Structures are given as structure tokens and as C-alpha cells.
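Asks: After the sequence you'll find the predicted model.
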Amino acid sequence: MNERLKSAPEGSYTKRLFDDDDLLRDKLVEEAQELSEATEPSDVAGELADVLYFAMARAVKAGVSIDDAVAELDRRTRKVTRRKGDSKAFRIAAGNEILNKKD
């Protein structure tokens, strides 16, 4: 994916994602919603693959590696205090707005 950031050909889908912040955000939200609704193992696997692809594109664009994410997960497992982990209503509302917008 790092190589694609540098050399994705004009017109390729990956190039569009790297160049269009709104498209990348919208696709990440859309695919996460589809993953949350998937019930069959094959559908969960497919939607998870989509989420990982778009998440990797977002991370690479921001200069973040998989190793950075793993290090963050490791850091979190060592935290003494934890937040409750409830969903954030304003994030859910923003996601719904993205999903419901008309082209």
C-alpha cells in the first residue's frame, strides 16, 4: 500500500482514495456499517477485507504503519485505567449522516 501511495496510476481506485479525503472517509464508514450488519461468515470476511483495505489506505495516507497500530494496541493493554467503552453518539450520528447522504 505504501508503494501504491507513491505510484498508483492516474484513474486507479486507490489513487482516487488517496486524493479524495471525502471518498476515503465515506467508503470507510460505509464498509464498517456493512461489516456491522453482516451475519454470514463469508459476508463478514468480505466486509472485513473491505474495512481493512480502506483502513490501510487511511493509515498509509497519514504515514501510519501496521506496526504503529500494533504498538498502540500493546500500549492500551498495559493501561491501568480504562474508559467505559460506550459508543460515541456524535460519531454514530456523523456516520449515519454520511451513509444517508444522496449523491
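Replies: That came through, no problem.
Asks: which ones are touching residue 92?
Replies: With contacts defined as Cβ atoms under 8 Å, 6 or more residues apart in numbering, residue 92 has no neighbours. Where you see a C-beta, it was placed from the backbone N, CA and C, and this is true even at glycine.
Asks: Can you check what pLDDT the model gives it?
Replies: Per-residue confidence (pLDDT) for residue 92: 77.
Asks: Now it: which helix or strand?
Replies: helix 89-100 (DSSP states H and E).
Asks: Check the offset of that helix from the chain's centre.
Replies: 15 Å (Cα atoms, centre = their mean, to the nearest Å).
Asks: which parts of that helix are buried?
Replies: By neighbour count with 16 or more other Cβ atoms under 10 Å, helix 89-100 contains the buried residues 95, 98.
Asks: Tell me the secondary structure of the residue of the chain most remote from its centre, please.
Replies: Computed with Cα atoms, centre = their mean, the maximum C-alpha offset from the centroid of the chain is found at residue 80, amounting to 27.3 Å. When classified by DSSP: H, G, I helix; E, B strand; the rest coil, residue 80 comes out as coil.
Asks: pLDDT weak spots in this protein?
Replies: Flagging of the chain using pLDDT under 70 yields the residue ranges 82-83, 102-103.
Asks: any idea how far the residue lying closest to residue 25 once chain neighbours are set aside lies from residue 33?
Replies: Excluding the flanking residues, the one nearest residue 25 by Cβ to Cβ, 6 or more residues apart in numbering is residue 98, at 7.1 Å. Distance of residue 98 to residue 33, given as Cβ to Cβ, to the nearest Å: 9 Å.
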